[in-house]
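Asks: Test case, fold it:
(one chain, ligands or ions: 2)
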Amino acid sequence: MKVPSIRRSSLSLTDRLAALRTAVEVAEGRLEVPEVRGARSLLAKAGAREALGDATVVALAGATGSGKSTLFNALSGGEISSPGVRRPTTGVAHATVWGQGADRLLDWLEVPRRHRHEQPDPALDGLVLLDLPDHDSTALEHRLEVDRLAELVDVLVWVLDPQKYADAAVHDRYLAPQAGHAGVLLVVLNQVDRLDETAAEQCRRDLRGLLDAEGLAGTSLLLISARTGEGVPELRAELARRVAARRAATDRLTADVRAAASALEPHCGASSSDALARADRERLVHALAGAAGVPAVVGAVERSASRTGVAHTGWPVVRWIGKLRPDPLRRLHVGDPAARTSLQPPTAVQKAAVATSLRRVRDEAGGDLPQAWRDELRRTVEVREDRLADRLDRAVAGTDLGPQVTAQRVPLWQRAVGGLQWLLVVLALVGALWLLALVGLAYLQLDDVVPLPRVEGIPLPTLLLVGGLGAGLLTALISRPLVGADARRRGKVAERRLKESVGTVAAEELLEPIEQTRADHARFCDAVARARS
Ligand SMILES: Nc1nc2c(ncn2[C@@H]2O[C@H](COP(=O)(O)OP(=O)(O)OP(=O)(O)O)[C@@H](O)[C@H]2O)c(=O)[nH]1
Ligand SMILES: [Mg+2]
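Replies: Ligands and ions are numbered 1, 2, ... in the order given. Take a look at the predicted model:
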């Protein structure tokens, strides 16, 4: 006994072909292996069958009143399409489906009226029978509908009746053009119950002669009566033969698709590992940051902040010396995304660090993928490596290093210390001038006239001069480590922002393409598995 229902409950041929097509599309330009080429040519061969799937679509066509709907009902085992006395009766196509599925097919054929045959009939499993409107209709849309569906179906059954079987419209327009495609055509002469045996035989011979003359000698001709059921079993058997032939072709194609998918499977390998390890990503960003000169920029930010800090909080007597040196940050030309920086190109060591961390990420992403996909990952990365240096430099140039760096903002405490320094200078100056005045008074022997104020026994002008200078120096010394800490803090902010920029470049140029390739690999494997299932 046949067990088509078990096989058919698995994936349909259409779905399998679609899966194989997905696999081939993903592999396009990546896996140039013979197996992919094999699958591609199989798909080309499958061609239009893909749309129709495993079903065998049979349409009943003919003139109005020839008995299409009556025959359709007789085959379908119930009154599905109403036959009628008023012509034309059937306006839209009706369908009866034997077995499961076919919904997508009928959507594609745009047949809205559907009926599922109740009694399972293994011989007809997979048959989709359509009752068409009349081809010679007074209603134009009927004719268009017939022409449209006649193009799409597998088998066209022409239902003729004893009165109009020789109608030139049918023969010229529909039957004769099918010469050479005799296999897709089946001609039935209906309503033979209305003829006696001699007349029926006469009609049969006459019609046979017509068909032969049209080049349709290979087309079967059956005499039937949809009303009495005469000849209907023969028609059913003929349809079963067509279904079986179609099913055999489907089975063969299914086997071919499965074989093609099996051949692709070795290019799938074990599933790749999960998302890239955070540590490897970080190591890559760190190496890229090194090559892009991030430490140099951070160092310049720190030195620049130190220079400004010292310029404000340093001992005014010597702090101008620092200003003679140029700002290290300005020299690097950072802060303009459109410009190139003046950073040194990466050293051999930095380049090697990038290459190593990139290889690690790639190897990890490659996991246990087959060689072809690992090669693909390598190519994905290589393509980007060339423009990486330029993108990194622009990213570094365009990074906002923090408001304090960009606006060269001096912290409030440094301004306050700067003010204090000037105050101390003024005090020391007052002390110095005072002492100078005392020297003058002593010269004029007037030093006893003006009393000299003292603090704890120390003359006030001396205290002002020495104290002012000493306190200034001390303030500068105390401020130094604070300036350093502030510079390092700014350096940290700059470093974080620079690494973010480098991280974005790494993600866009390297990590995302790698992830994309991995996702494509997963899609490929999934499609292969489906086509093979
Ligand atoms: N005697 C006899 N009458 C039939 C037979 N088949 C159909 N008829 C009758 O013919 C008339 C037309 O039948 P339909 O089945 O509606 O014809 P149709 O081809 O579907 O017509 P349209 O839908 O208009 O294209 C009905 O009255 C049927 O009862 C048959 O085998 N013998
Ligand atoms: Mg009808």
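Asks: Quickly find the element holding the residue nearest to the spatial centre of the chain.
Replies: Nearest to the mean C-alpha position of the chain, counting by CA atoms, centre = their mean, stands Gln516 at 7.7 Å. Element membership for Gln516, per DSSP states H and E: helix 512-532.
Asks: Could you report the distance from the residue nearest to the centre of the chain to Leu388?
Replies: Taking CB to CB, to the nearest Å as the measure, Gln516 falls 17 Å from Leu388. Using the backbone N, CA and C atoms, a C-beta is placed for each residue, glycine as well.
Asks: before we move on, what about Leu235?
Replies: 72 Å.
Asks: One more: Arg374?
Replies: With distances taken as CB to CB, Arg374 is found 20 Å from Leu388.
Asks: Where does pLDDT dip in the stretch 351-500 of the chain?
Replies: In the prediction, the stretch 351-500 of the chain carries residues with pLDDT under 70 at positions 386, 403-407.
Asks: Strands along that one, start to end?
Replies: With DSSP state E, counting those that start in this stretch as the criterion, the stretch 351-500 of the chain has strands at 454-455, 458-459.
Asks: Next one, pLDDT for Asp54 please.
Replies: pLDDT recorded at Asp54 is 71.
Asks: quick one: contacts for it?
Replies: Listed by CB atoms under 8 Å, 6 or more residues apart in numbering, the contact partners of Asp54 are Arg8, Ser12, Leu13, Thr14, Gly101, Gly126, Arg246, Arg247, Thr250, Thr254.
Asks: With Arg523 instead?
Replies: Contacts of Arg523 (CB under 8 Å, 6+ apart): Thr22, Val26.
Asks: if I look at it, how far off is ligand 1?
Replies: 48 Å (CB to the nearest ligand atom, to the nearest Å).
Asks: Ala442 now?
Replies: Going from Ala442 to ligand 1 by CB to the nearest ligand atom gives 139 Å.
Asks: Can you tell me how far that residue is from Asp448?
Replies: Ala442 is 9 Å from Asp448, where distance means CB to CB.
Asks: same deal with Thr356?
Replies: Distance, Thr356 to Asp448, by CB to CB: 84 Å.
Asks: Between these two, which is the more surrounded one?
Replies: More neighbours surround Thr356 than the other of Thr356 and Asp448, with 13 against 9 (other CB atoms under 10 Å).
Asks: so what's that one up against?
Replies: Residues near Thr356 by CB under 8 Å, 6+ apart: Ala287.
Asks: how about Asp167, phi and psi?
Replies: When read as degrees, to the nearest 10, the backbone of Asp167 gives phi -50, psi 120.
Asks: tell me, how many neighbours does it end up with?
Replies: The tally of other residues near Asp167 (other CB under 10 Å) stands at 18.
Asks: excluding its backbone neighbours, what's nearest it?
Replies: Once flanking residues are discounted, Asp167 sits nearest to Ala63: 6.4 Å by CB to CB, 6 or more residues apart in numbering.
Asks: thought the one you found was touching Gln163?
Replies: No. In this structure Ala63 lies outside contact range of Gln163 using CB atoms under 8 Å: 9.1 Å.
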